[in-house]
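Q: just need the structure, nothing else, for what follows:
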Amino acid sequence: MTAMDKLPEQEVPGEQKATGWESLENYDDFTHHSPLEKVPAVDGNDLLGNRVFFRDAIVLTQNAIPTSPETPEENQALLDFGGVYVLVDKDSDSDPKKREAAWARAMRGHYNQEITVTDNIIGGVIGSYPLVTDTLDNIPKEILEAEAAEDKAKRLAGNEKIQEADAIINSEETYRRLKDEVWDVELTFKGNKTYTDNVYGDKQNQPEEDPFDSASEAKFLMQTCYAVLWAKLMQARLNENKNVAIADVAEESLNQMDVTLYEDEEFVKNICNRLGRYNWEHCAELNDWYNKRIRELSNIEPLSKEAR
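A: Purely as a prediction, here's the structure:
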């Protein structure tokens with residue numbers, strides 16, 4: 001996970017308490033999947049939508065699996081992350097980078113197995129999805145090189161699917177690169193006490209990153225991390241040019257994080273609200289920009305003064 005100094009009121013609010021996702025003991029199987037029928041599947045796409053990184057999602061899944069020495073298959077779970085199902089073992093993760101590479105390959109459309117998911121209630125097939133049960137160690141080098149060349153050609157051709165996959169796969173790398181670039185940018189927060197701080201702390205003495213305790217905590221804290229990063233990217237632009245306003249830099253700064261208002265509206269709403277909760281000095285301007293852009297995207301005319 002990411003690490004940074006705490007902001008005011010930075011705790012998981014009561015309304016975001018852990019749900020059944022946190023444990024598979026009460027797993028309610030509304031769907032059936034084949035193969036690996038006895039292995040429960042969890043939907044990690046809410047984590048993904050809140051920018052929780054792949055390796056953190058794996059650890060959260062492992063923590064949710066109850067230990068059952070009598071039935072080893074119950075020490076596993078399937079994690080749906082980005083439309084790719086990944087087989088997760090309770091205790092085994094000797095090389096998380098290899099597991100992530102296999103997931104990334106499937107995200108880009110290269111995979112050897114599929115899992116078919118059907119609805120138990122209506123009996124219809126929901127769909128077939130890539131299934132990852134192993135690393136890339138047993139895949140010939142020539143095949144991986146050919147796939148990489150194919151991916152490169154798609155990028156050069158401006159293929160949207162490969163671009164979307166790359167953005168998801170590279171999200172942690174992008175986040176950490178941007179965080180490093182704006183580390184020293186200071187933000188001012190107002191309220192009972194006004195203070196200015198870089199939030200991240202001492203770059204030369206960075207705090208150790210602790211694992212998330214729950215999916216709820218992961219989503220809440222990643223929203224906070226991205227809210228702070230967004231504010232710093234905007235503040236950096238404001239510091240460079242005193243003639244620009246929040247409305248001039250908000251969307252471009254958002255896109256730097258591979259976040260778009262059109263596709264990630266709920267996430268943008270949450271991180272915008274987070275900056276308002278922390279009383280960032282530009283939060284009112286940011287809120288005005290957000291409401292205006294949402295109206296534009298929805299083709300909604302603003303209310304007249306008389307109607308307000």
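
Q: any idea of the mean pLDDT for the helix or strand encompassing residue 62?
A: Residue 62 is part of helix 54-64, with elements assigned from DSSP states H and E. Averaged across helix 54-64, pLDDT comes to 93.

Q: next, the buried residues of that helix.
A: 54-62, 64 (16 or more other Cβ atoms under 10 Å). Where C-beta positions appear, they are placed from N, C-alpha and C, glycine not excepted.

Q: which residues touch whichever helix or strand comes after it?
A: Downstream of helix 54-64, the first helix or strand assigned by DSSP H and E is strand 76-80. By Cβ atoms under 8 Å, 6 or more residues apart in numbering, the surrounding residues in contact with strand 76-80 are 24, 33, 36, 39-45, 57-58, 61, 64-65, 85-90, 115, 129.

Q: how is this protein divided into domains?
A: 14-169, 173-298 (automatic domain parsing).

Q: those domains: lowest mean pLDDT?
A: Among those, domain 14-169 carries the lowest mean pLDDT (a mean of 85).

Q: longest helix of the protein, counting residues only.
A: helix 215-240 (DSSP state H).

Q: so which helix or strand takes in the residue minimising distance to the centre of the chain?
A: The residue lying closest to the centre of the chain (Cα atoms, centre = their mean) is residue 51, at 1.5 Å. Residue 51 is part of no helix or strand when elements are defined by DSSP H and E.

Q: which residues touch it?
A: 171, 175, 222-223, 225-226, 259, 267.

Q: quick one, phi psi at it?
A: When read as degrees, to the nearest 10, the backbone of residue 51 gives phi 70, psi 30.

Q: now the helices for the stretch 201-308 of the chain?
A: 215-240, 246-256, 265-277, 283-298 (DSSP state H, counting those that start in this stretch).

Q: could you redo the ones you listed as CSV and give each row distance to residue 77?
A: Below are the helices of the stretch 201-308 of the chain laid out as CSV (distance: least, Cβ to Cβ, whole Å):
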stretch, distance to residue 77
helix 215-240, 13
helix 246-256, 33
helix 265-277, 25
helix 283-298, 37
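
Q: now for the ones you listed, which one comes closest to residue 166?
A: Residue 166 lies closest to helix 246-256 among those, at 14.4 Å (Cβ to Cβ).

Q: count of neighbours near the nearest residue to residue 290 once chain neighbours are set aside?
A: Computed as Cβ to Cβ, 6 or more residues apart in numbering, the closest residue to residue 290 that is not its neighbour in sequence is residue 272, at 5.0 Å. A count of neighbours around residue 272, defined by other Cβ atoms under 10 Å, yields 20.

Q: ok, residue 272 - contacts?
A: Residues counted as contacts of residue 272 (Cβ under 8 Å, 6+ apart) are 227, 286-287, 290.

Q: now a ChimeraX select for only the buried ones of these.
A: To isolate the buried members of these in ChimeraX, using 16+ other Cβ under 10 Å:
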select :227,286,290
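
Q: just send the contacts of residue 272 back as CSV, with distance to residue 188 too.
A: Below are those laid out as CSV (distance: Cβ to Cβ, whole Å):
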residue, distance to residue 188
227, 15
286, 14
287, 17
290, 20
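
Q: nearest to residue 75 among the contacts of residue 272?
A: Closest approach to residue 75 among those (Cβ to Cβ): residue 227, at 36.6 Å.

Q: for residue 175, see how far away the nearest residue in space to residue 249 that is not next to it in sequence is.
A: With Cβ to Cβ, 6+ apart as the criterion, residue 249 has its nearest non-adjacent residue at 4.1 Å, and that residue is residue 237. From residue 237 across to residue 175, the span is 18 Å (Cβ to Cβ, to the nearest Å).

Q: how about stretch 135-145: buried residues?
A: Quick answer for stretch 135-145 (16+ other Cβ under 10 Å): 135-136.

Q: residues contacting that stretch, please?
A: Contacts for stretch 135-145 (Cβ under 8 Å, 6+ apart): 95, 98-99, 101-102, 105, 112.
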